[in-house]
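Asks: Structure, please.
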Amino acid sequence: MQRKEFIPGHTVRLVHGGESYFNALLELIHESKHILHLQVYIFELDETGKRVLQALEEAVQRGVIVFLMVDGFGSMSLGSAFKTRMQEVGILFRFFSEMPFPGIFQAGRRLHHKVCVVDKKKVLVGGVNIADKYRGNKEQLPWLDFAILAEGKVAAEVQEVCEHIFSKKFTLKRVKSESYFIPLETDGVKVRMTRNDWIRGKNEISTAYKTMLGNANDEILIFASYFIPSRRLLKILVRASKRGRKVNIVLGKMSDVPFIKPATQYLYDKLLRNGIRIFEYKEAVLHAKACVVDKQWVSIGSLNLNHLSELLSLEMNLEVLDPPFGAALQKEFHQLIQEHCVEINILDFEKKEHCS
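Replies: Next comes the predicted model:
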């Protein structure tokens with residue numbers, strides 16, 4: 001596979017989940033002037049979904065061409081009536097792999113993107129779906145999640161991918177950028193978009209993870225929801241720890257998927273005995289998919305470190321290669337660990353396993 005290079009000339013910002021994420025998303029929609037693509041796995045018509053939908057409808061009224069794509073399984077609750085409504089308000093809408101009837105065994109290949117891109121200028125990529133539980137409220141904390149907001153040339157590449165997926169053209173052909181796209185100077189932050197679509201021969205995110213983790217010189221810091229890594233990735237993490245690299249993995253103390261917690265805990269013994277430190281986020285569900293290596297390489301997006309994301313889903317991450325940005329994130333993540341996580345000790349874990 002040909003190596004994908006980082007593109008210089010960007011401005012980037014870490015966006016936290018919850019209200020901060022939805023404020024950034026709504027601001028992006030309000031700024032749009034020409035074309036907007038929103039692709040997401042789960043879109044619910046609760047208070048949060050209605051706010052986003054209203055912003056999309058207002059964009060259409062301003063003359064913006066709005067494309068909305070949701071996954072047929074993750075958003076099956078929207079139903080056929082939603083398609084009719086979208087047609088009436090002028091939003092170009094499509095289910096990805098629409099379900100003929102509800103059923104878990106029809107899950108198949110899924111669109112797992114959480115991305116919004118406008119005018120080939122700005123793009124927001126992360127792990128946040130559109131629903132109240134991701135936004136939170138006064139009574140309930142939002143799920144822990146992150147996204148990257150980037151401005152620069154990578155937005156044009158992301159928009160092109162969204163266009164091809166919406167139109168069911170998975171083989172990309174380079175097209176000329178529209179006249180309204182003005183590239184930034186080349187001295188900004190280096191960013192690249194990576195994708196996973198195993199069926200179509202795309203394993204860029206998985207490859208980048210294995211490469212960067214395998215080449216780590218100091219510290220690996222991972223926030224991972226639904227953490228059931230492949231045997232190869234697990235071997236890379238163990239090897240890194242044995243070579244003296246600090247390997248810190250932040251997982252959730254609670255999960256919205258019942259079988260995930262015991263499946264992940266099955267790995268605790270191997271990880272802990274090989275010097276890998278495990279922390280559990282205790283405040284709410286951890287839904288984040290983020291990694292920082294050596295204070296300079298950052299990857300945030302939709303990819304979970306498990307076989308489902310690697311082999312069945314369409315995934316998108318943004319990677320940043322920038323020491324100031326990486327160092328700032330590492331510092332912030334360590335503060336989050338200190339204030340909102342509990343460390344799993346090998347002795348405490350063994351005692352708990354013995355008593356259960």
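Asks: in the protein, which spans are helices?
Replies: Using DSSP state H, the helices of the chain run over 19-31, 47-61, 79-89, 132-135, 154-166, 204-214, 231-242, 260-265, 268-273, 307-311, 323-340, 346-355.
Asks: just for the stretch 51-200 of the chain, where's the confidence low?
Replies: Applying pLDDT under 70 to the stretch 51-200 of the chain flags residues 99-108, 169-186.
Asks: redo that, cut-off 80
Replies: 99-109, 169-187, 199 (pLDDT under 80).
Asks: can you check the stretch 201-350 of the chain too?
Replies: Low-confidence segments of the stretch 201-350 of the chain (pLDDT under 80): 201, 347-350.
Asks: still on that earlier bit, may I see the helices of the chain organised as a markdown table, with distance to residue 289 and mean neighbour count added?
Replies: Backbone N, C-alpha and C define where each C-beta goes, glycine included. As requested, those are exported to a markdown table (distance: least, C-beta to C-beta, whole Å; neighbours: other C-beta atoms under 10 Å):
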| stretch | distance to residue 289 | mean neighbour count |
| --- | --- | --- |
| helix 19-31 | 14 | 17 |
| helix 47-61 | 20 | 17 |
| helix 79-89 | 27 | 13 |
| helix 132-135 | 13 | 20 |
| helix 154-166 | 17 | 21 |
| helix 204-214 | 9 | 20 |
| helix 231-242 | 14 | 16 |
| helix 260-265 | 14 | 16 |
| helix 268-273 | 18 | 16 |
| helix 307-311 | 8 | 17 |
| helix 323-340 | 13 | 15 |
| helix 346-355 | 24 | 11 |
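Asks: Can you list the neighbours in contact with stretch 65-77?
Replies: Contact with stretch 65-77 is made by 32, 34-45, 56, 59-60, 78, 86, 90-99, 102, 106-108, 110-112, 129, 162-163, 165-166, as judged by C-beta atoms under 8 Å, 6 or more residues apart in numbering.
Asks: mind listing what's buried in that stretch?
Replies: Judged by neighbour count using 16 or more other C-beta atoms under 10 Å, the buried positions of stretch 65-77 are 66-76.
Asks: Which of these sits closest to residue 223?
Replies: Set against residue 223, the nearest of those by C-beta to C-beta is residue 74 (21.1 Å).
Asks: so how far is residue 222 from the nearest residue to residue 323 once chain neighbours are set aside?
Replies: Sequence neighbours aside, residue 296 is the residue nearest to residue 323 in space, at 4.6 Å (criterion: C-beta to C-beta, 6 or more residues apart in numbering). From residue 296 over to residue 222 the distance is 15 Å, taken as C-beta to C-beta, to the nearest Å.
Asks: ok, these two, which is more surrounded?
Replies: A direct count of neighbours by other C-beta atoms under 10 Å for residue 296 and residue 222 places residue 222 higher, at 24 against 20.
Asks: From residue 158, how far off is residue 121?
Replies: On the measure of C-beta to C-beta, residue 121 and residue 158 end up 11 Å apart.
Asks: Wait, residue 193 touches residue 154, no?
Replies: Yes - counting by C-beta atoms under 8 Å, residue 193 touches residue 154, with 5.4 Å between them.
Asks: got any residues that touch both of these two?
Replies: Here residue 193 and residue 154 share the contacting residues residue 318, scored by C-beta under 8 Å, 6+ apart.
Asks: Can you select the buried ones from the contacts of stretch 65-77 in PyMOL?
Replies: Here is the PyMOL command that selects the buried residues among the contacts of stretch 65-77 (16+ other C-beta under 10 Å):
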select buried, resi 32+35+36+37+38+39+40+41+42+43+44+45+56+59+60+78+86+91+93+94+95+96+99+107+110+111+112+129+162+163+165+166
